[in-house]
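Participant: Coordinates only, no sequence provided:
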């Protein structure tokens, strides 16, 4: 979809990146810029930077960057036109609709319509003889009509073609049904229902759109659950069941349960901040979505061995986003749904007591380690101490918090707390040193050579770095474009990608003042990120005109023969000058 430069510049002006990003990451000011923990990958040391001066961002940890439109594309998993729409709606701007290619946007709309229609179809089937098995299942699990209606639950008939025929009657094409993942194609190319003989759980996005489904079989057939694969409107790695309800609960606390029925049971009991991940272990993306709406996460997984392993995996992921983490273990090996049904009217009160008495994630992890050893024996104490210090205590960032839990471990083992803390400090220092070296090395690699946008950079590193300084200077000093072009014409650039961006910049500056929004339709996400990196790095020590003369010398000296197109178009005089430059360099 093509938008005019004027529209994009106005949209950017009305969308300060610090205001947009504040909904996704906690920011602190550092001079003219802002920093925070990156919303796109887990990290402990802030490497995510916002640059209000040019409305851009860049993360030196994961190399994501760009303008405010790129940020929305990455944060909301939208394509370019959808991100523009998202920002325009936020800014109260009307979208220009003439002469644009909105094929992907139209496909998204069609898929959302198909999902909505499929959800209605599955729900209505429950009240027919064909859906009796599904209704009986929900009744058996204690759900009344209000709960079924609230969550939009339904049933997929066993025939294999009921939904496909229904959607065809509504005017939807087989390829659209396949794109929505509610249908599959047979070997003969005929569509058939993906979900058959299953109770259906619709999954809503944060705006209330049906974006996916989970289906549970009612027999012993495997797999027990099947879930929508990734589609243009749904990414299972970031989806959360019932998050559309829980985000409005207002307590800044979320209860993370294991399954659909657990969440429904908790909501019915009044705990409307309950959610669940969708058919997979908790992901970093899901945790980052949770962090936007909560300060604390309470893990309430099943208390069986699988649930314990899932809890151990989830704790560091949630902590990595800055969430406080607590763990509630439902007694008797029950899950929340079973617990509520077992206690009947007293279920909500009993569960609130569990919530109030639930321990922190650190207490949970120490308890899990303690269970493995016999603390009545010297060997058991030593083994417990070693694992508790290495796996838990040395990883606690807060000195106060670390002191509290070291005291508990000391009491359990009759070992001096000071020695426990000293051991934890030694391990932490060694690990911190290794991590810092790794971080610096990775950052250097990102800065020096790892640029997907410019594959020639490694081959011509010195010239490419000089070109980057020229690009940054030109963007920041657009009034000197004419002088710079005379000093260093685009054809002198050594690497093709830098040459292309340089040419784009010069061309746009001739028309008027240039912002990052002017490149949003001409640079890919990787290219926008790399251009932002170039601007971010140069901003630390801005280049001056005398630097341009030096960089131009480097580029001209190393260019020419490395560029076949230049050789073919060069005059004899140009080639002789190039040879002399190479001789001077050797000398």
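Facilitator: Arrived safely. On a predicted model such as this, the values are computed, not experimentally measured, just so you know.

Participant: alpha carbons only for contacts and neighbour counts from here, please
Facilitator: Fine.

Participant: number of nearby residues for residue 236?
Facilitator: Residue 236 has 20 neighbours, counted by other CA atoms under 10 Å.

Participant: I meant to write residue 21 there.
Facilitator: 18.

Participant: thought residue 204 was touching residue 238?
Facilitator: No: in this structure residue 204 lies outside contact range of residue 238 using CA atoms under 8 Å: 11.9 Å.

Participant: quick one: residue 533 from residue 15, how far?
Facilitator: Distance, residue 533 to residue 15, by CA to CA, to the nearest Å: 20 Å.

Participant: Of the two, which one has the most company?
Facilitator: Comparing residue 533 with residue 15 by neighbour count (other CA under 10 Å), the higher total belongs to residue 533, at 26 against 18.

Participant: just to revisit the earlier point, which one of residue 204 and residue 238 has more residues nearby?
Facilitator: residue 204 (24 against 20).

Participant: check contacts around the closest residue to that one other than its chain neighbours.
Facilitator: Nearest non-adjacent residue to residue 204, counting by CA to CA, 6 or more residues apart in numbering: residue 210, 4.5 Å away. For residue 210, the contact set (CA atoms under 8 Å, 6 or more residues apart in numbering) comprises 112, 115, 116, 119, 202, 203, 204.

Participant: 7 Å - rerun?
Facilitator: Neighbour list for residue 210: 112, 115, 116, 202, 203, 204 [criterion: CA atoms under 7 Å, 6 or more residues apart in numbering].

Participant: Can you check the pLDDT for it?
Facilitator: Per-residue confidence (pLDDT) for residue 210: 96.

Participant: Next: residue 224.
Facilitator: 92.

Participant: Tell me how this protein divides into domains.
Facilitator: Domain segmentation of the chain under automatic domain parsing yields 5-91, 104-227, 240-357, 367-443, 461-586.

Participant: will you turn those into CSV that also has distance to residue 453?
Facilitator: Below are these laid out as CSV (distance: least, CA to CA, whole Å):
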stretch, distance to residue 453
domain 5-91, 11
domain 104-227, 24
domain 240-357, 25
domain 367-443, 17
domain 461-586, 5
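
Participant: Of those domains, give the one that comes closest to residue 454.
Facilitator: Relative to residue 454, the nearest member of the domains of the chain by CA to CA is domain 461-586, separated by 5.6 Å.

Participant: and that closest one, what's its mean pLDDT?
Facilitator: Here the average pLDDT along domain 461-586 is 80.

Participant: likewise stretch 162-175?
Facilitator: On average, stretch 162-175 scores 96.

Participant: and the end-to-end length of that stretch?
Facilitator: So stretch 162-175: terminal residues 17 Å apart, CA to CA.

Participant: quick one: contacts of it?
Facilitator: By CA under 7 Å, 6+ apart, the list of residues contacting stretch 162-175 from outside reads 118, 183, 191, 192, 193.

Participant: Residue 215 looks like it's in a helix, true?
Facilitator: No: using DSSP: H, G, I helix; E, B strand; the rest coil, the assignment for residue 215 is strand, not a helix.

Participant: okay but it is in contact with residue 197, surely?
Facilitator: No: Residue 215 is not in contact with residue 197 according to CA atoms under 7 Å; the separation is 8.8 Å.

Participant: More neighbours: which of these two?
Facilitator: Between residue 215 and residue 197, residue 215 has the larger neighbour count (other CA under 10 Å), namely 23 against 20.

Participant: mind checking how far that one is from residue 209?
Facilitator: Distance, residue 215 to residue 209, by CA to CA: 18 Å.

Participant: can you check residue 223 too?
Facilitator: 26 Å.

Participant: Looking at the contacts of stretch 162-175, spot the one nearest residue 326.
Facilitator: Of the contacts of stretch 162-175, the one sitting nearest to residue 326 (CA to CA) turns out to be residue 118, at 37.4 Å.

Participant: which element follows the host helix or strand of that closest one toward the C-terminus?
Facilitator: Assessed by DSSP states H and E, residue 118 sits inside helix 103-125. Sequence-wise, the next helix or strand downstream of helix 103-125 (DSSP H and E) is helix 132-140.

Participant: between residue 223 and residue 209, who's got more neighbours?
Facilitator: The neighbour comparison of residue 223 against residue 209 (other CA under 10 Å) goes to residue 209, with 16 against 9.

Participant: got the contact list for that one?
Facilitator: The contact partners of residue 209, by CA under 7 Å, 6+ apart, come to residue 112.

Participant: ok, now how distant is it from residue 550?
Facilitator: As for residue 209, its distance to residue 550 is 56 Å (criterion: CA to CA).

Participant: just residue 41 next, same as before
Facilitator: From residue 41 over to residue 550 (counting by CA to CA), the distance is 38 Å.

Participant: So between the two, which is more surrounded?
Facilitator: residue 41 (16 against 11).

Participant: Ignoring the adjacent residues along the chain, who's closest to residue 268?
Facilitator: Counting by CA to CA, 6+ apart, the residue nearest residue 268 is residue 147, at 7.3 Å.

Participant: okay, now the one you found: neighbour count?
Facilitator: There are 16 residues near residue 147, going by other CA under 10 Å.

Participant: Same question for residue 434.
Facilitator: Around residue 434 there are 11 residues (other CA under 10 Å).

Participant: Would you quantify the distance from it to residue 427?
Facilitator: Taking CA to CA, one finds residue 434 at 11 Å from residue 427.

Participant: is it true that residue 396 touches residue 402?
Facilitator: Yes: Residue 396 is in contact with residue 402 according to CA under 7 Å; the separation is 5.7 Å.

Participant: picking up where we left off before, could you tell me the model confidence score at the residue nearest to residue 268?
Facilitator: 96.

Participant: buried residues in whatever helix or strand it lives in?
Facilitator: Following DSSP H and E, one finds residue 147 within helix 145-151. Within helix 145-151, the residues that count as buried by 16 or more other CA atoms under 10 Å are 147, 148, 151.

Participant: so how far is residue 207 from residue 353?
Facilitator: To residue 207, residue 353 is 33 Å away according to CA to CA.

Participant: In terms of neighbours, single out the busier of those two.
Facilitator: Neighbour tally, residue 353 and residue 207, criterion other CA under 10 Å: the higher count belongs to residue 353, 11 against 8.

Participant: Show the average pLDDT along the host helix or strand of the more buried one.
Facilitator: Of the helices and strands defined by DSSP H and E, residue 353 is found in helix 347-357. The pLDDT scores in helix 347-357 average 91.

Participant: Now tell me what touches the helix or strand just after it from outside.
Facilitator: Next helix or strand after helix 347-357 toward the C-terminus (DSSP H and E): strand 359-360. Residues from elsewhere that reach strand 359-360, judged by CA under 7 Å, 6+ apart: 325, 326, 327, 328.
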